[in-house]
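In: Prediction below, plus the sequence it came from.
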Amino acid sequence: MNRTWFITGGTPGGFGMAFADAALESGDRVALTARRPDELRAWAEPYGDRVLALGLDVTDTRQVHQAVTAAEAHFGGIDVLVNNAGRGWYGSVEGMDDAAVRHVFELNFFAVLAVTRAVLPGMRARRNGWIINISSVAGLRGVLGFGHYTAAKHAVEGMTDVLRQEVAPLGVKVLAVQPGAFRTRAYAGFADEPLQESIEDYRPMLEGIRAAMIEQNGNQPGDPLQGARAVVAAINRDNPPRRLVLGDAGYEAVIGELESMLTEIQAHENVSRSVDFPQADVLSPGT
C-alpha cells in the first residue's frame, strides 16, 4: 500500500529532499515543504501528481495548518510525517543573545510540536500513521558551542518519547532519528556568517568551532539519500526501532556517551539508593 508523506525542510541539497526521493523510490507520494517552494518546481515536475510542493515557514502556525490542510485535500490524508526542518546556531550558553536563543527553540522544537499537532488529528481518525522526528546526535549528547541547539534537540527527544507512549494505543508509531554529520547544506552558512559572541572569554572556542565547520563543509561522511533510505526501510520492518542513529561517527559518539553516563551513574549507586525513607516506613499501614 502506497503512503503519503508530509516532509518539512525541503530545501534542495538537504535531508528533506533526500527523504522525498527515498519515499518516491518506494512508490509513495510526497508533500514537500520549503520556505521558497519555487526552488522545488524543477525537481517536482517529473513526478506529476505524486508530488505537492508547498511553501511553509514552520514557525508560523497559521501556515502550518494551511499546508497540512492542502496536503490532506490533495492526497486524501497524511500517512507519514517527517519533521525535518531545523538548523543549528552556535554560541556560548552564557553569551548568546536572548532573541537568538528563542529562535533556536522556535525552529527546532516549537515548530516540530506545531506540525505534529496539525497532522495528528487525521492520523488518530484513521488509527494509523508514522511520525518521524529528525533529532540529532546532539539530542543524545552535548555538543560544545551548540548548547542551545543541544537543549532544543533534547527537548525533541523528550517530547518524542512521551508522544510515542500516548499515540501507540491509537495506531500511530513514532521514530526519533539522530543523524551525525551528513553532506547537506547545514554547514554552508558558517563561512558567510561572522561570529556573534558577546563574551570575549568564549570567542577562541567558538572561532575554532566555526573554522572546523567551514573545513568540514562538503566533506561530511554521511550520505543523505542513504540515510533517508535507511529510515524508509526501518519503518517498514515488522519490529521497527524507536530511535535510529545515522552515521558511523554519530553512532560511536552516542554509544560512548551512553556508556560513560551509565558508568558514572553506577559509580554512585550507593548514594542514589541511600536517600529514600526506610522501606519499613514506606510500607507501614496508615502512612
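Out: Sure, I can see it.
In: Quick check: residue 225 vs residue 173, distance?
Out: For residue 225, the distance to residue 173 (Cβ to Cβ, to the nearest Å) stands at 23 Å. Any C-beta I mention is one placed from the backbone N, CA and C, and that applies to glycine too.
In: so where do the strands sit in the chain?
Out: Here the chain has its strands, by DSSP state E, at 4-7, 29-34, 51-55, 80-83, 129-134, 172-179, 243-246.
In: For the first one, which outside residues touch it?
Out: Surrounding strand 4-7, the residues in contact under the criterion Cβ atoms under 8 Å, 6 or more residues apart in numbering are 16, 19-20, 23, 28-33, 68, 71, 75-82, 84, 115, 119.
In: Can you list the strands that it pairs with?
Out: Strand 4-7 has its sheet partners listed here by DSSP bridges as strand 29-34 (parallel), strand 80-83 (parallel).
In: Return the distance of that strand from the chain's centre.
Out: Between the centre of strand 4-7 and the centre of its chain there are 15 Å (Cα atoms, centre = their mean, to the nearest Å).
In: mind listing what the residue lying closest to residue 89 once chain neighbours are set aside touches?
Out: Leaving aside its sequence neighbours, residue 89 sits nearest to residue 104 (Cβ to Cβ, 6 or more residues apart in numbering; 5.6 Å). Residues near residue 104 by Cβ under 8 Å, 6+ apart: 89, 148, 149, 152.
In: ditto for residue 186
Out: 14, 87, 88.
In: From the residues you listed, which one has the minimum pLDDT?
Out: When the contacts of residue 186 are compared by pLDDT, residue 88 scores lowest at 86.
In: so what's that residue closest to, chain neighbours aside?
Out: Excluding its sequence neighbours, the residue lying closest to residue 88 (Cβ to Cβ, 6+ apart) is residue 149, at 4.2 Å.
In: contacting residues for the one you found?
Out: Residues in contact with residue 149 (Cβ under 8 Å, 6+ apart) are 88, 89, 90, 104, 108, 136, 138, 143.
In: Closest to residue 158 out of the contacts of residue 186?
Out: In terms of Cβ to Cβ, no member of the contacts of residue 186 lies closer to residue 158 than residue 88, at 18.2 Å.
In: Many thanks, we can stop here.
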